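Colleague: Structure of the sequence below:
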Amino acid sequence: FVGCFDIPYRFNIDPRETAEMIEVPLARLRDPAIFRVEDWTHKGRKIPVCFYTVDEHEIWGLTADILRQFLDHTGE
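Modeller: Here you go, the predicted structure:
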């Protein structure tokens, strides 16, 4: 889901599910230089794993895949 909210907004982060929350402009996420896909092997199967490297942060796995799909659907 995608939503809009007023700034400032008080996020309630569950530390069991989220290590850290960062803010990244959409234009930055659209930069192909910060995106990559690695092939990982799990139980003998190759699985493509998406990554966004934003400064010292690594956004990867399902979160990165959701972002990639969102950016693909919203376009420029």
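Colleague: Give me the below-cutoff pLDDT ranges for this protein.
Modeller: 1, 76 (pLDDT under 70).
Colleague: Show me the helices in it, by range?
Modeller: Using DSSP state H, the helices of the chain run over 26-29, 61-74.
Colleague: Would you mind listing the outside residues contacting the longest one?
Modeller: Spelled out, it's helix 61-74. Contacting residues not belonging to helix 61-74 are listed as 2, 26, 29, 30, 35, 49, 50, 51, 52, 59 [CB atoms under 8 Å, 6 or more residues apart in numbering]. Yep, even glycine has a C-beta here, placed from its N, CA and C like the rest.
Colleague: And the first one, by the same measure?
Modeller: Helix 26-29 is contacted from outside by 34, 35, 52, 54, 67, 71, 74, using CB under 8 Å, 6+ apart.
Colleague: Repeat the analysis, applying 10 Å as the threshold.
Modeller: Taking contacts as CB atoms under 10 Å, 6 or more residues apart in numbering, the residues outside helix 26-29 that touch it are 34-35, 52, 54-55, 59, 64, 67-68, 70-71, 74, 76.
Colleague: Now do the biggest strand by length in the chain: distance to the chain's middle.
Modeller: In the chain, taking DSSP state E as the definition, the longest strand is strand 45-54. Centre-to-centre, strand 45-54 and its host chain are 10 Å apart (CA atoms, centre = their mean, to the nearest Å).
Colleague: Can you show me the CA trace of it as PDB?
Modeller: Extracted C-alpha coordinates of strand 45-54, given in PDB (Å, rounded to 0.1, in the frame of the first residue of the first chain):
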ATOM      1  CA  ARG A  45      17.800 -23.000  -6.500                       C
ATOM      2  CA  LYS A  46      19.100 -19.600  -7.800                       C
ATOM      3  CA  ILE A  47      17.100 -16.700  -6.400                       C
ATOM      4  CA  PRO A  48      17.500 -13.100  -7.600                       C
ATOM      5  CA  VAL A  49      17.900 -10.800  -4.600                       C
ATOM      6  CA  CYS A  50      17.500  -7.000  -5.200                       C
ATOM      7  CA  PHE A  51      19.700  -4.400  -3.400                       C
ATOM      8  CA  TYR A  52      19.700  -0.600  -3.100                       C
ATOM      9  CA  THR A  53      22.800   0.900  -1.600                       C
ATOM     10  CA  VAL A  54      22.000   4.300  -0.200                       C
END
